[in-house]
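1. Requesting a structural model of the entry that follows:
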Amino acid sequence: MQSDKPKTPIIPNLKDEETKRTTVVLDRNEREFITSLIKEGKESGIKPLISKMLEIYRSMNVDDWNFPGEYYCGISRIAFVNVELISILTSQIPKEQWRRVGAQMGQALQVSIQSTLGVDAAKQENWEAVFRRLKVQGFGDFYLKDKFIVLKTPFINDCEICRGIMEGLFSVELETRTAVPPLVFELVKNP
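-> Residues are numbered from 1 along each chain as shown. You can find the predicted model right below:
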């Protein structure tokens, strides 16, 4: 005798309720890797790890993950590059051109940020959002303290390149106050 009950469970309408639980099926090697991260103290648990991964994904605004090694964020292709490679590249630029080259990089960043975040980096009220974006992309930790921009842990240690990047990105003029990390720049001219 067959039952009149449906074979699949009826899922209640959860429009007004937030989903509280989900299941992620992990391969054995993925689970072992996560377990090792937790045992080594690098992660406190699987939920915080997945939450962190989702936050990074959301923060990066990576729109298109074509295949490993080709990622796009708006109009910009994103690459994960060793800081040492950037240092080798910047060391080939004559010192007297560092600020100019940095400004060109900053202008390109300004266009990229405008197209992906929809904010004008030249407006100081948008700087916190831009600072967060730069941190996620590995540029370093940026802080605005009164009329000073502080850059902790810069990925480029050449102060004049960093100064140029910020001048081009924020459409400002800066004066260097500290030339070794943490870098400190004073806002001299702000539009």
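
2. looking at the protein, which helix or strand is least sure?
-> For the chain, the helix or strand with the lowest mean confidence is strand 64-67, at a mean of 64 (criterion: mean pLDDT, DSSP states H and E).

3. who touches the residue lying closest to Val111 once chain neighbours are set aside in this structure?
-> Nearest residue to Val111, sequence neighbours excluded (Cβ to Cβ, 6 or more residues apart in numbering): Ile75, at 7.5 Å. C-beta here means a position set from N, CA and C on the backbone, and glycine is covered the same way. When contacts are counted by Cβ atoms under 8 Å, 6 or more residues apart in numbering, Ile75 touches Val111, Ser112, Ser115, Thr116.

4. Correct me if wrong, but Ile93 is in a strand.
-> No: under DSSP: H, G, I helix; E, B strand; the rest coil, Ile93 falls outside any strand and is assigned coil.

5. and it, how far is that from Gly102?
-> Look at Ile93 and Gly102: by Cβ to Cβ, to the nearest Å, they are 9 Å apart.

6. okay, and the common contacts of those two?
-> Ile161.

7. Got the phi and psi for the most centrally placed residue in the chain?
-> Closest to where the C-alpha atoms of the chain average out (Cα atoms, centre = their mean) is Val136, at 1.8 Å. For Val136, the backbone dihedrals (degrees, to the nearest 10) come out as phi -60, psi -40.

8. mind giving me the domain ranges of this structure?
-> Here the domain parsing of the chain from automatic domain parsing is 28-50+60-78, 83-189.

9. Is it possible to get a markdown table of the ones you listed that adds distance to Thr22?
-> Below are these laid out as a markdown table (distance: least, Cβ to Cβ, whole Å):
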| stretch | distance to Thr22 |
| --- | --- |
| domain 28-50+60-78 | 9 |
| domain 83-189 | 25 |
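
10. Where does pLDDT dip in the protein?
-> 1-17, 19, 60-68, 74, 191 (pLDDT under 70).

11. mind listing the helices for it?
-> Along the chain, counting by DSSP state H, helices occupy 28-39, 46-60, 83-91, 98-117, 127-136, 159-170.

12. rewinding a little: settle it for me: which of Ile93 and Gly102 has more neighbours?
-> The neighbour count for Ile93 versus Gly102, taken as other Cβ atoms under 10 Å, is higher for Gly102 (25 against 15).

13. what sits against that one?
-> Glu160, Ile161, Cys162, Arg163, Gly164, Ile165, Met166, Glu167, Gly168.
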